[in-house]
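In: what's the 3D shape of this:
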Amino acid sequence: MDDDISARIRDVEKKVKTKCNCVYRNAAYDMAMSKRHRICVYYDGGFMLQKHPIVKLEDMNGQVLGTSLLPEEIGSYKGREDVLWVSDDFVVFPYLDVEGDEAFILYPFDIPEIRDNVPDCNDLCGTSPTLSSDSMLKEWGRIDTSQPIFTAIVAFD
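Out: Down below sits the predicted model:
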């Protein structure tokens, strides 16, 4: 990804709000922008099968008020009385005292298939862009959208 498309995606990501007008921050993309190399990966459903971006709901002090769960974590949350299930893989902690505004924050994920097989690929991180950024990246890459194709951004030094 060149600097132009990277900056355009950053601008889109910074303007995203949730349906309930809560702040959304793609911390993973912020991290990707600090890396020397950024690559857009276009893929079908199979590539990301084991990749799970982590989304957390945090207050202004970084206290975790809710979190998405990895498949292997879901069982340990079943039956807990201190969580409220918002979806099949997202829980909130309703009994915490919230300080200030809340924000949904997307954290990076690892891609061992690249990290372990590309020499000199240091400090790798991956992120999933929002739907608006996904569309922009497909247009930029001249990707045929008649079939389901997804995007991920991989960045490293």
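
In: C-terminal to the lowest-mean-pLDDT helix or strand in the chain, what's the next element?
Out: When the helices and strands of the chain are compared on mean pLDDT, DSSP states H and E, helix 112-115 comes out lowest with a mean of 82. Per DSSP states H and E, the first helix or strand lying C-terminal to helix 112-115 is strand 125-127.

In: residue contacts, residue 134?
Out: 150-151 (Cβ atoms under 8 Å, 6 or more residues apart in numbering). Yep, even glycine has a C-beta here, placed from its N, CA and C like the rest.

In: quick thing: my sequence starts at 351, can you match it?
Out: Renumbered: residue one is now 351, and that last one reads residue 484.

In: helix, strand or coil for it?
Out: Three-state assignment for residue 484 (DSSP: H, G, I helix; E, B strand; the rest coil): helix.

In: can you confirm residue 405 is in a strand?
Out: Yes - under three-state DSSP, residue 405 sits within a strand.

In: From residue 429, how far out is it?
Out: In this view, residue 405 and residue 429 are 23 Å apart by Cβ to Cβ, to the nearest Å.

In: Identify each buried residue in the top helix by length along the chain, please.
Out: If you go by DSSP state H, the chain has its longest helix at helix 353-364. Within helix 353-364, the residues scored as buried using 16 or more other Cβ atoms under 10 Å are 355-356, 359-360, 362-363.

In: in what helix or strand does residue 379 lie?
Out: helix 377-383.

In: What is the helix or strand that that helix is followed by packed up against?
Out: Later in the chain than helix 377-383, the nearest helix or strand by DSSP H and E is strand 387-393. When contacts are defined as 3 or more Cβ pairs under 8 Å, 6 or more residues apart in numbering; DSSP states H and E, strand 387-393 packs onto helix 481-490, strand 500-506.

In: Spell out the secondary structure type for residue 425.
Out: Strictly by three-state DSSP, residue 425 counts as helix.

In: ok, now how distant is it from residue 491?
Out: Residue 425 is 39 Å from residue 491, by Cβ to Cβ.
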